[in-house]
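Engineer: okay, here's the prediction I keep looking at, along with the sequence it came from:
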Amino acid sequence: MRDALQAEAATRYLKVRPRLLGEKLLELVGRVPSPAARERAGAVAQAAVPGFTVINRLLVEGQDVPRGPAPLRTGD
């Protein structure tokens, strides 16, 4: 799935982290610059893992979260 995101020009530089939540259940987390980028990343991920349910939890900067770098997480 990561290879599919890297192969596509529209999703290559997005900060997307796929997380396997269970059998055939994949979650996308991270921040993207636009709603179109969010939708495209979800579509690419779904096409890369047919038969999986993809939960798209990507946050759009300026809409879901403020623009700028993500805050540092402690404990990681």
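Structural biologist: Good, I have the coordinates.
Engineer: contacts and neighbour counts: CA atoms only from here.
Structural biologist: Fine.
Engineer: CA-only coordinates of the longest helix seen in the chain, as PDB, when you get a sec.
Structural biologist: If you go by DSSP state H, the chain has its longest helix at helix 35-48. Taking C-alpha atoms only, helix 35-48 is exported to PDB below (Å, rounded to 0.1, in the frame of the first residue of the first chain):
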ATOM      1  CA  PRO A  35      -9.800  17.600   0.700                       C
ATOM      2  CA  ALA A  36      -8.800  16.400  -2.800                       C
ATOM      3  CA  ALA A  37      -5.500  15.000  -1.500                       C
ATOM      4  CA  ARG A  38      -7.400  13.200   1.300                       C
ATOM      5  CA  GLU A  39      -9.800  11.600  -1.200                       C
ATOM      6  CA  ARG A  40      -7.100  10.600  -3.600                       C
ATOM      7  CA  ALA A  41      -5.000   9.000  -0.900                       C
ATOM      8  CA  GLY A  42      -8.000   7.000   0.200                       C
ATOM      9  CA  ALA A  43      -8.800   5.900  -3.300                       C
ATOM     10  CA  VAL A  44      -5.100   4.800  -3.900                       C
ATOM     11  CA  ALA A  45      -5.000   2.900  -0.700                       C
ATOM     12  CA  GLN A  46      -8.300   1.100  -1.400                       C
ATOM     13  CA  ALA A  47      -7.100   0.100  -4.900                       C
ATOM     14  CA  ALA A  48      -3.900  -1.200  -3.500                       C
END
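Engineer: who's in contact with stretch 40-51?
Structural biologist: Stretch 40-51 has contacts (Cα atoms under 8 Å, 6 or more residues apart in numbering) with 1, 4-5, 10-11, 24, 28, 52-54, 56.
Engineer: any idea where the strands of this structure begin and end?
Structural biologist: 15-22, 25-32, 53-60 (DSSP state E).
Engineer: packing partners for the second one?
Structural biologist: Pointing back at strand 25-32 there. strand 15-22, strand 53-60 (3 or more Cα pairs under 8 Å, 6 or more residues apart in numbering; DSSP states H and E).
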